[in-house]
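Peer 1: Structure for the following, please:
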Amino acid sequence: MISDPRLGDGLFSPAAYAREDEAADDHFYVIPRKVVHIDDGAIVALGRLYAELLPSGGRLLDLMSSWRSHLPEGFNTRAVVGLGLNAEEMADNPQLTTHVVYDLNRDPRLPFADEKFDGAMCAVSIQYVVHPLLVFREVRRVLRPGAPFVVSFSNRCFPTKAVAVWLDTSDEQHLTLVRTYFTAAGGWTDAQAENRSLGGHGDPLYSVWARASAGTTAARPTIA
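Peer 2: Now for the predicted structure:
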């Protein structure tokens with residue numbers, strides 16, 4: 001059983017992370033969905049954001065990865081490691097150099113060594129995370145000091161798998177919510193939240209990012 005600080009840190013009640021479908025996530029994602037979840041304009045905006053924030057030539061973690069990572073064309077990386085729930089989707093992702101099938105909601109402890117990555121991203125998936133503070137602490141642990149973690153989302157989701165606090169808040173409030181995850185988790189600096197939409201009538205794109213603080217690496221969460 002997970003010993004989860006969210007139950008006692010005063011951020012939200014456990015009900016905030018309840019979902020309509022509480023069945024194991026690997027059952028829901030067993031069928032490959034080889035589609036993009038944002039339109040072309042939002043994909044362009046996300047690629048531009050990654051080009052601004054992620055280090056060229058670095059080793060990157062694509063958290064809750066899928067069929068596409070949306071790194072801009074020609075972006076130089078040493079490696080991109082995908083962590084997600086569907087092996088077939090990630091195997092067809094041309095930007096991943098390797099991938100790991102892993103359920104963060106079952107065990108938020110990342111299967112990587114300390115300070116292994118130069119950057120991390122999580123696109124259109126943060127709304128499904130039921131242990132956000134633990135996950136943000138783990139991402140901090142596996143990032144080198146100064147490395148960015150970029151969390152992006154739009155206005156759509158699988159509603160039966162999204163947590164209650166996400167469904168009960170607006171797009172603008174989602175920016176505040178994710179920034180609060182960074183702040184409450186600790187170990188992050190220079191947090192910023194922005195509407196990065198290109199405008200027009202397409203899908204919006206929102207993003208929150210921060211950098212891993214220098215100093216002692218965050219401790220791994222305990223499992224009781």
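
Peer 1: For residue 207, which three-state class applies?
Peer 2: strand (DSSP: H, G, I helix; E, B strand; the rest coil).

Peer 1: Distance of it relative to residue 188?
Peer 2: Counting by C-beta to C-beta, to the nearest Å, the gap from residue 207 to residue 188 is 15 Å. Placement of C-beta: from N, CA and C, glycine included.

Peer 1: neighbouring contacts of stretch 15-24?
Peer 2: Applying C-beta atoms under 8 Å, 6 or more residues apart in numbering, the set of residues contacting stretch 15-24 from outside is 6, 28, 103, 106, 130-132, 159-165.

Peer 1: And stretch 186-194, by the same measure?
Peer 2: Looking at stretch 186-194 with C-beta under 8 Å, 6+ apart, the contacting residues turn out to be 136-137, 140, 149, 175-176, 178-179, 182-183, 206-213, 218.

Peer 1: hmm, back to that, among the contacts of stretch 15-24, which ones are buried?
Peer 2: Neighbour-count burial (16 or more other C-beta atoms under 10 Å) applied to those gives 6, 130, 131, 132, 161, 162, 163, 164, 165.

Peer 1: ok, the fourth one - contacts?
Peer 2: This points to residue 132. Residues touching residue 132, when contacts are defined by C-beta under 8 Å, 6+ apart, comprise 6, 17, 126, 181, 185.

Peer 1: ranking these by neighbours, who comes first?
Peer 2: Looking at the contacts of residue 132 with neighbours defined as other C-beta atoms under 10 Å, the largest count falls to residue 126 at 24 neighbours.

Peer 1: So which of the contacts of stretch 186-194 sit within helices?
Peer 2: Among the contacts of stretch 186-194, the subset assigned to helices under DSSP state H consists of 136, 137, 140, 175, 176, 178, 179, 182, 183.

Peer 1: of those, closest to residue 113?
Peer 2: Proximity of those to residue 113, judged by C-beta to C-beta, is greatest for residue 140, which lies at 13.6 Å.

Peer 1: ok, now how distant is that closest one from residue 146?
Peer 2: Per C-beta to C-beta, residue 140 is found 12 Å from residue 146.

Peer 1: burial count for the closest residue to residue 145 other than its chain neighbours?
Peer 2: Nearest in space to residue 145, with sequence neighbours left out and distances taken as C-beta to C-beta, 6 or more residues apart in numbering, is residue 214 at 4.1 Å. The number of residues packed around residue 214, counting by other C-beta under 10 Å, is 10.

Peer 1: which stretches of the protein form strands?
Peer 2: Secondary structure of the chain (DSSP state E): strands at 58-63, 77-84, 98-101, 119-123, 148-153, 188-195, 206-212.
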